[in-house]
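Enquirer: here is the input, now give the coordinates:
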Amino acid sequence: MDPAKRELAKSIRNSVKDTLADLTEQYFKTPLELVVEQGKACREPLRMLLNLVLEFDRRLLAAKQERHLIDFSDMDHHVRVVHLQYFEVILILFMGITYDQYLHISSVPLSSAPMPYLCD
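Expert: Reported below is the predicted structural model:
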């Protein structure tokens, strides 16, 4: 190998090593033991926060259902479900795919996704 190319490769490798060492020093200064200790200290507050968020979501959903309300994310979800179902019907009816073939290739069969507002 050409000595000039060898020196160039060596200098590039050393430069990368130095950059990684600087980044490690800058962003990973905290010792692993301290990170684990801090993680354990945050476990219960984070668990409580998660429980509060889940309870809020449950109550919000119940209130929306009780008052027959729907928000944008609900509408978006239902539109996607309906579009997916129509696409599946097109595959089955117009593309010559039998229902058994569809069930074999599909991860979500037609019957598992409700068709909101179409049967009301």
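
Enquirer: quick one: the helices in this structure?
Expert: Per DSSP state H, the chain carries helices over the ranges 3-27, 32-66, 72-94, 99-105.

Enquirer: which stretches of the chain have low pLDDT?
Expert: 96, 98-120 (pLDDT under 70).

Enquirer: how near is the residue most central in space within it to residue 70?
Expert: Residue closest to the mean C-alpha point of the chain, counted by Cα atoms, centre = their mean, is residue 77 at 15.5 Å. Going from residue 77 to residue 70 by Cβ to Cβ, to the nearest Å gives 10 Å. For the C-beta atoms, the positions are set from N, CA and C on the backbone; glycine is no exception.

Enquirer: for residue 28, same thing?
Expert: Distance from residue 28 to residue 70, by Cβ to Cβ: 47 Å.

Enquirer: comparing those two, which residue is more hemmed in?
Expert: The neighbour comparison of residue 28 against residue 70 (other Cβ atoms under 10 Å) goes to residue 70, with 14 against 10.

Enquirer: who are the contact partners of the more buried one?
Expert: 64, 78 (Cβ atoms under 8 Å, 6 or more residues apart in numbering).

Enquirer: over to residue 24?
Expert: So residue 24 contacts nothing (Cβ under 8 Å, 6+ apart).

Enquirer: what's the first-to-last distance across stretch 65-77?
Expert: In terms of Cα to Cα, to the nearest Å, the two terminal residues of stretch 65-77 are separated by 15 Å.

Enquirer: quick one: buried residues of that stretch?
Expert: Residues of stretch 65-77 include none that count as buried (16 or more other Cβ atoms under 10 Å).

Enquirer: what do you get for stretch 41-59?
Expert: In stretch 41-59, counting by 16+ other Cβ under 10 Å, buried: nothing.

Enquirer: start the count at 35, not 1, going forward
Expert: Let's use 35 as the start, then, which means that last one is stretch 75-93.

Enquirer: how far does it sit from its chain's centre?
Expert: 19 Å (Cα atoms, centre = their mean, to the nearest Å).
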